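Peer 1: just the structure for this:
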Amino acid sequence: MFDLPSSLIDMDVARDRGRPPKSEKALLILKEYDPTIFKDRFGEFAIRLAYDDHYRTYMLPSEAFENWLVAVYAQRTGEVIGDSARKTVLDTLQGLGELNAIRSDFHTRVGRHDDKIYIDVCDDSWQAIEIDQEGWRVIRKTPVIFRRSKGMKPLPIPQSTDRTVKDIVSPLINVEEDGHLCLILTWLLFALDGRGPYPILLLKGEQGSGKSKLAEVLRSLIDPHQVPHVSPPENQEALDVATRHNWMIALDNVSWMPNWLSDGLCRIATGAGSAYRKLYTDEAIRYFKARRPIVMNSID
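Peer 2: Below you'll find the model as predicted:
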């Protein structure tokens, strides 16, 4: 939670000064959602909003949060908030976050907390799957702060079954040898671990053997996306951007492997970091660190 100046807490006080600014009205509306601001180790912010039966979490600032703010403000007041008021709200929240934010890591799709694994379903109901030694369950309020990005598709809600993982997955993929199937299933389970480091899965075969489709199916089981696989990135920064916005890195038709890409994929699989100069600045540095499961395919 965060504290607002007293003039913002009491709308009557604001009215005594005349018509309250839209930014003040927006902050008062926001306060009704019991907002909590989080800050990660790299200085980025997220805001969690409490609904009756679930949490919603947005990066701060982000297009998704601004869209939410515009929509809720219009719904509650019948007015358009405007660019200036919206910017004031965002600046106020980030300023308050510098003083009062709760330290927390941010996770994409899969995260861990207190020896439990949490998987973001990424649906409109903001559901998550909690996994521990006792089993799994669907919850709506998770202690893990999830980051959502454009293109992420929802996972289906799991169903209890007596079938084994092999029985479920093997009909979906064109892998006949038991040894290869065992490796793929092991890789899938690793991809749900939430800790890493992760083995890199390389799919090789002749042209037309279904390598890209296999990679797409494997990703859809854990981290479905509107763009299930992409071409190899052009540089380390592009690779880190893809890593930031995806849980699983899926590279299609990798015909060559420069040294920087080989090193970069190893750093992502093991959790090493990168550092960049921030855009339009000479001194500020942006740091990035993540662990991700990786699958790529290549012609044999």
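Peer 1: identify the residue nearest residue 209 in space, chain neighbours excluded?
Peer 2: Among residues not flanking residue 209 along the chain, residue 174 sits closest, at 7.7 Å (CB to CB, 6 or more residues apart in numbering). In short, each C-beta sits where N, CA and C put it, glycine included.
Peer 1: need the contact list for the one you found.
Peer 2: 209, 210, 213, 214 (CB atoms under 8 Å, 6 or more residues apart in numbering).
Peer 1: go with 10 Å
Peer 2: By CB atoms under 10 Å, 6 or more residues apart in numbering, the residues touching residue 174 are 205, 209, 210, 211, 213, 214, 217.
Peer 1: can you pick the most crowded of those residues?
Peer 2: residue 211 (24 neighbours; other CB atoms under 10 Å).
Peer 1: do you know how far it is from residue 176?
Peer 2: 14 Å (CB to CB, to the nearest Å).
Peer 1: low-confidence ranges, this protein, go.
Peer 2: Residues of the chain meeting the criterion pLDDT under 70: 1-19, 273-284, 286.
Peer 1: pull the residues that contact the lengthiest helix in it.
Peer 2: Ranked by residue count, the top helix of the chain under DSSP state H comes out as helix 83-100. Here helix 83-100 makes contact (CB under 10 Å, 6+ apart) with 1-5, 8, 21-27, 29-30, 35-39, 43-47, 60-62, 65-66, 69-70, 73, 79-82, 101.
Peer 1: kindly recompute the last result at 7 Å.
Peer 2: Residues outside helix 83-100 that contact it (CB atoms under 7 Å, 6 or more residues apart in numbering) are 2, 21-23, 26-27, 37, 39, 45, 47, 60-61, 66, 69.
Peer 1: tell me the first helix or strand C-terminal of that helix.
Peer 2: From helix 83-100 onward toward the C-terminus, using DSSP states H and E, the following helix or strand is strand 102-103.
Peer 1: what strands flank the helix or strand following that next one, and is each parallel or antiparallel?
Peer 2: Per DSSP H and E, the first helix or strand lying C-terminal to strand 102-103 is strand 106-107. Using DSSP bridges, the strands paired with strand 106-107 are strand 145-146 (parallel).
Peer 1: what comes into contact with the strand it pairs with?
Peer 2: 38, 46, 48, 57, 104, 106, 107, 111, 120.
Peer 1: partner strands of the helix or strand that contains the second one, parallel or antiparallel?
Peer 2: In the assignment (DSSP H and E), residue 46 maps to strand 45-50. Under the criterion DSSP bridges, strand 45-50 sits next to strand 36-39 (antiparallel), strand 55-60 (antiparallel) in its sheet.
Peer 1: can I get these in CSV including mean neighbour count?
Peer 2: Formatted as CSV, the strands paired with strand 45-50 follow (neighbours: other CB atoms under 10 Å):
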stretch, mean neighbour count
strand 36-39, 20
strand 55-60, 19
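Peer 1: ok, which of those comes nearest residue 159?
Peer 2: strand 55-60 (24.4 Å; CB to CB).
Peer 1: which of the residues in the helix or strand just after the closest one are buried?
Peer 2: Following strand 55-60 in sequence order, the next helix or strand is helix 63-77 (DSSP H and E). Residues of helix 63-77 classed as buried under the neighbour-count rule (16 or more other CB atoms under 10 Å) are 65, 66, 68, 69, 72, 73.
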